[in-house]
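Colleague: predicted model, plus sequence, below.
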Amino acid sequence: MTRLLASHTFPKSFTLAVLLSLATLTAAGQAASVSPDSPLPGLLRERATLTGRYAEASAQRHSLFGNKPSKKDLQEVVDALQGIVDKDQQIVDVLNQTTQAAQTTSVRLAATTTSLENTGRDDRNLTAQRLSELQNEAENLRQREKQQLTKMRDLEAEVAEAKQGHFVRDALIAGLAVLSVGLLVARRKRR
C-alpha cells in the first residue's frame, strides 16, 4: 500500500476534500459530550496535528523536474497519511470502548430499573395487603364494639328490671310491714 500511495500523486481537490472532512470530524468530535477522563479530545488534537503535517507534506515540491513532488515528498505524504490512519484507529478504539461502557451502563441501569420496579411492585402489594389487614382489623373492632354495646344495653335493661323488681319487692315489704304494724296495733287495741 505504501508503494501504491508513493507512486500516486494526489490531486489538490482530493487533498482539500480530505482536509475538510478531517476538520469536520475533529470539530464534531470536540463538540460531542465526552467525559473529562476520556482520551478522545487528546487523540483528536493529535489527529489535527497529523492532518496539518499531511497538508505540509503534500504541499512540498522538491523534485528536480519542476513542480512535481519528489519521492521523498511522496513518502512524507504517505507517512503522514499512515499516522492519520493509525490515529483514526486509536479514535475508533476509544469510541468502541466508550460504546461498550455505555452499553454496560445501559444494561446496569435497565437491571436497576427492573429491580426498582419489582421492589415498588412488592412494596405496593405489601402495602395493599397491610391496608387490607388493617381494614379487616378495624371492621372486627367495630363488630366487637357493637357486640359490647348490645351487651351493655342488655345489662342496663337487666339492671333496670332488677331495680324495678327491687322497688316492687321493697314496696311489698314496706306494705307488709305497715300492714303488720297495723295488725299489731289493732290487736293491741282489741285487747
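Modeller: Thanks, I have it.
Colleague: which residues in this structure form helices?
Modeller: 2-7, 12-31, 40-59, 71-190 (DSSP state H).
Colleague: deepest of those, which one?
Modeller: Comparing those by mean neighbour count (mean count of other CB atoms under 10 Å), helix 40-59 ranks first with a mean of 17. (Each C-beta comes from the backbone N, C-alpha and C, glycine too.)
Colleague: CSV for the helices of the chain, including mean pLDDT?
Modeller: Below are the helices of the chain laid out as CSV (pLDDT from 0 to 100):
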stretch, mean pLDDT
helix 2-7, 40
helix 12-31, 45
helix 40-59, 89
helix 71-190, 92
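Colleague: from Thr104, how far off is the residue nearest the centre of the chain?
Modeller: Nearest to the mean C-alpha position of the chain, counting by CA atoms, centre = their mean, stands Thr113 at 5.4 Å. In this view, Thr113 and Thr104 are 15 Å apart by CB to CB, to the nearest Å.
Colleague: what's the answer for Gly42, then?
Modeller: Distance, Gly42 to Thr104, by CB to CB: 23 Å.
Colleague: so who does the residue nearest to the centre of the chain touch?
Modeller: Listed by CB atoms under 8 Å, 6 or more residues apart in numbering, Thr113 has no contact partners.
Colleague: how close does it sit to Leu149?
Modeller: Applying CB to CB to Thr113 and Leu149 gives a distance of 53 Å.
Colleague: before we move on, what about Ser70?
Modeller: Counting by CB to CB, the separation of Ser70 from Leu149 is 115 Å.
Colleague: same deal with Ala171?
Modeller: The separation that Ala171 has from Leu149, given CB to CB, amounts to 32 Å.
Colleague: Lys87 contacts Leu40, correct?
Modeller: No: Lys87 is not in contact with Leu40 according to CB atoms under 8 Å; the separation is 11.4 Å.
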